[in-house]
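*Asks:* What follows is a predicted structure for the sequence shown.
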Amino acid sequence: MTTPSKIKQGHNGKERLYTVRPRNSKAVTDTRGNPSSITFHLPPDLASNTDKYKSTMTPTELKVFEQAANHEGLGFINFIAQSTSYSIQEKSQIMHTFGGKEAVYFYGRAPVMVQLSGTIVDDIDNDQFAQFLAMYNKFARGSSAAKDYAYVTLSLNNAKFVGSFMNISIQQSSDRDTDVTFSAQFLAKTFTIASSDTVFQDSKYKLTSEINVRDEDPTLTKEVIAEAISKSLLEMVIDFVFDVFSSTPDLTVASDSPERAERHKAVFQGVPNTFGKLPQLDGLVTFSAADVTEFFDVVNEFIDDYITPALDLIAAIVDFVKAAITLIEAVEQAFDDILDLIKSVVNYVYGVIDTVTDLWTKLVNFPKSISDKIGSFGKSGGSPIPIAGSTSISSGKAMELLSSGSNIGSARGTPEGQIALLSITSAKLQAQLQANDESAGLTTGSTVPSLSLPSGTNQGNTGQTPGFILPPPILIIGG
Amino acid sequence: MSLATVSKRDGDKSTWDWKAEYVEKLRNSYYGEPGDGMELFSEASVTPDTTLILAGPPRIIESGFSERLSPIGLVTDLSFSSDNGLRPMWEMGTDMTYFTRGKVSYQLNIGAMVANKPSLLKILTRQSPVEDNTSFPVAPVHSGQFWTNMDTSNTTAPFGILMIFKTKGNTEATGHNGDIASAMYLENCNIGNFNFALNSQSVSLNENVTIMFDRMVAVDYQELSV
């Protein structure tokens, strides 16, 4: 096969998608592509001596292990990967603030969960179904892999994931006995994307353009943990504390700097050895609970020396702020008092004005109000008042009645109150009244006789209500 | 007189003599100059008479050619189709069309008359391995020559098909009883559908199989001895 090369994209080499060739294009490979595979990685001590490890395996598991542990070969390929999906997310926290903006804190890359689905054929010639589930159960699932400090690599044609399986689900139906579909989730601690440039290499295994999404194998190895066991926990914690607090905390140290890595390593080296088994504490831990308590008391005092001044300063600031607030509130209150006083004066003035207005109103309406009162004299509830006595009264008598006043009031409301119907001495007016009496009906009380005054007199209110005119006194009381 | 290939320096051929010039330049003979076009078509055309179909092992690379290729007779219909799942794509903001291709799926239909000779199901799978490490099939579960059950171990086994397209006459020096226009081997063929029909007005019973296969391999007909 001649050395493969890329096709010039268009006449100027810049036309997008001029040719689209898959990685398994016949022009670059004679193997028709690479199948998806799963490989199993044991720690070096176990990988070099697998006899004991394999002694507990069934024949099917052994067959699977031989394939999966063979890193030089294809690995375990006894499955058909048909689709995969994964999302790459950031760990972040969005803090909404006033003013319409926000602050976002980033904490690194979140673990990538790969969804893998495909088919495992259940047949007598390939036995994919049994082998795949044996591989999952014995090696690839997270609990099994972690027990032996192992990890799993899931290789696709364009990406390689390192991690372990989280779950798997199987679907099978009666219409197709051999087709068993599966879907699984693979938690990728790290993964690598291979550029398609790799197909143009001398060897298809030589990668010149790898994109490592995360550092490989960030978990603790068994060697690191074993080394930590030999060192007492107390020493680890002390080293860590003094390493952080002995000098000015250097928060500007880069997260991937050796200095910080050493700090972290010091912390995690104190992790007790509980992996894989639960050993007895006797003989492993060289300190007692009392030692731990004493140590943390010391640490507490140590930290307190740093924290107490800061706390005092903060308390002083709080006191100052409170005093300032009190002062401001006092000023505000003083202003409120002044304004209230002014407001009260204003209200009083308005009140006075209203009172004066009322006075003028009463003064203006005084004649009318009196005439109204007289006009409604004796009308308790509107019932008609029988009229007795003479229908006319002399003006002198009227004045006498007016000057006494009490007689009018005393007769008001009495069922048999005698109301003097006074009329003007004018014969013309008296005749008009008599005519009105006959037509309007004085018994209802809703209509009152209209009054047509002789010329020259103050007419006052004509029509419905009686008027009170001085001089000469013309007083009409009607119902 | 034939039309030559247009090169960019010569420009287009919009003024060609349509009475005298034509595209196809079939040769007068295998030694001759380019001929008179359609007059030689009967000699140079691929015809059903000169097309041969043979059944063989599923993979040509491993097995190669041998006497294990069985010619298929009484074929009345042959159709071939392939689909590469061409998909156009458009992008916001431009009027360009981009194309991506999926994986090619192939399909072959063969119709044949039924007679007292190996039927399609029998002859297509004659050379297929059924048992592990076995070159020849086990004793068939069918009887007679006309196989109708596609749900047996024989008929579910994969096979291969060699197709040779020849011409009636020789127009090239290497031609033997006609020129080989094309030869291709269809690997890993599987029968997906089988049917036969009787019609009172027809003179024969016809059977038909639909085949899907994995890939096509070009055969160097220069080395092919049929």
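*Replies:* Okay, I see it. Numbers count the residues shown, from 1 in each chain, chains lettered A, B, ... in the order given.
*Asks:* switch to C-alpha atoms for all contacts and neighbour counts from now on
*Replies:* Fine.
*Asks:* Kindly state the beta-bridge partners for residue 184.
*Replies:* Let's take chain A. Note on A:A184: beta-bridge partners A:L116, A:I168, judged by DSSP bridges.
*Asks:* not what I meant, chain B
*Replies:* B:M163, B:A218.
*Asks:* can you check the one 5 residues further on too?
*Replies:* B:C189 has these beta-bridge partners by DSSP bridges: B:F159.
*Asks:* ditto for B:P71
*Replies:* If you apply DSSP bridges, the partners that B:P71 bridges to are B:L54.
*Asks:* can you tell me which residues contact it?
*Replies:* B:L52, B:I53, B:L54, B:A55 (CA atoms under 8 Å, 6 or more residues apart in numbering or on different chains).
*Asks:* And the residues you listed, which two are furthest apart?
*Replies:* B:L52 and B:A55 (10.3 Å; CA to CA).
*Asks:* So between these two, which is more surrounded?
*Replies:* Legend: neighbour count by other CA atoms under 10 Å in any protein chain shown for B:L52 and B:A55, higher for B:A55 (25 against 17).
*Asks:* I'd like the average pLDDT over the helix or strand A:F366 falls within.
*Replies:* Using DSSP states H and E, A:F366 sits within helix A:289-375. On average, the pLDDT along helix A:289-375 is 79.
*Asks:* before we move on, what about stretch A:153-172?
*Replies:* Rounded mean pLDDT across stretch A:153-172 is 93.
*Asks:* Now the closest residue to chain B within the stretch 51-200 of chain A. Its backbone dihedrals?
*Replies:* Nearest residue of the stretch 51-200 of chain A to chain B (CA to the nearest CA) works out as A:D125 at 9.1 Å. A:D125 adopts backbone torsions of phi -100, psi -30, taken as degrees, to the nearest 10.
*Asks:* Check what pLDDT it gets.
*Replies:* A:D125 is given a pLDDT of 86.
*Asks:* Likewise for B:V217?
*Replies:* So, for B:V217, pLDDT stands at 90.
*Asks:* And for the one 5 residues further on?
*Replies:* Residue-level confidence at B:Q222 comes out at 62, pLDDT.
*Asks:* CA atoms of stretch A:33-45 as CSV?
*Replies:* Provided in CSV are the C-alpha atoms of stretch A:33-45 (Å, rounded to 0.1, in the frame of the first residue of the first chain):
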residue,chain,number,x,y,z
GLY,A,33,-11.0,-0.3,10.8
ASN,A,34,-10.6,-1.1,14.5
PRO,A,35,-13.3,-2.6,16.6
SER,A,36,-14.1,-1.1,20.0
SER,A,37,-12.3,-2.9,22.8
ILE,A,38,-12.1,-3.2,26.6
THR,A,39,-8.8,-3.8,28.3
PHE,A,40,-8.1,-4.5,31.9
HIS,A,41,-5.1,-3.0,33.7
LEU,A,42,-3.9,-4.6,36.9
PRO,A,43,-1.2,-3.0,39.1
PRO,A,44,2.3,-4.2,38.3
ASP,A,45,2.7,-6.7,41.1
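*Asks:* got the buried residues for it?
*Replies:* Residues of stretch A:33-45 classed as buried by neighbour count (16 or more other CA atoms under 10 Å in any protein chain shown): A:P35, A:S36, A:S37, A:I38, A:T39, A:F40, A:H41, A:L42.
*Asks:* Sort out which of those residues are in strands and list them.
*Replies:* A:S37, A:I38, A:T39, A:F40, A:H41 (DSSP state E).
*Asks:* Please name the nearest non-neighbouring residue to residue 156.
*Replies:* Went with chain A since none was named. A:S36 (4.7 Å; CA to CA, 6 or more residues apart in numbering or on different chains).
*Asks:* wait, chain B
*Replies:* Nearest to B:T156 is B:M150, by CA to CA, 6+ apart, at 6.5 Å.
*Asks:* swap in A:T84?
*Replies:* A:L116 (4.5 Å).
*Asks:* Hmm, that neighbour is touching A:F79, no?
*Replies:* No: the pair A:L116 and A:F79 fails to qualify as a contact (CA atoms under 8 Å) at a distance of 11.2 Å.
*Asks:* Neighbour count: those two, which is higher?
*Replies:* A:F79 (23 against 18).
*Asks:* which residues touch that one?
*Replies:* A:F79 touches A:S36, A:G118, A:T119, A:I120, A:V121, A:Q128, A:F132, counting by CA under 8 Å, 6+ apart.
*Asks:* Scan the residues you listed and report the most crowded one.
*Replies:* A:I120 (24 neighbours).
*Asks:* How about the residues of chain B by chain A?
*Replies:* Counting by CA under 8 Å from any CA of the partner chain, chain B comes close to chain A at B:Y98, B:F99, B:T100, B:R101.
*Asks:* Grab the most central residue of chain B for me.
*Replies:* B:M163 (4.2 Å; CA atoms, centre = their mean).
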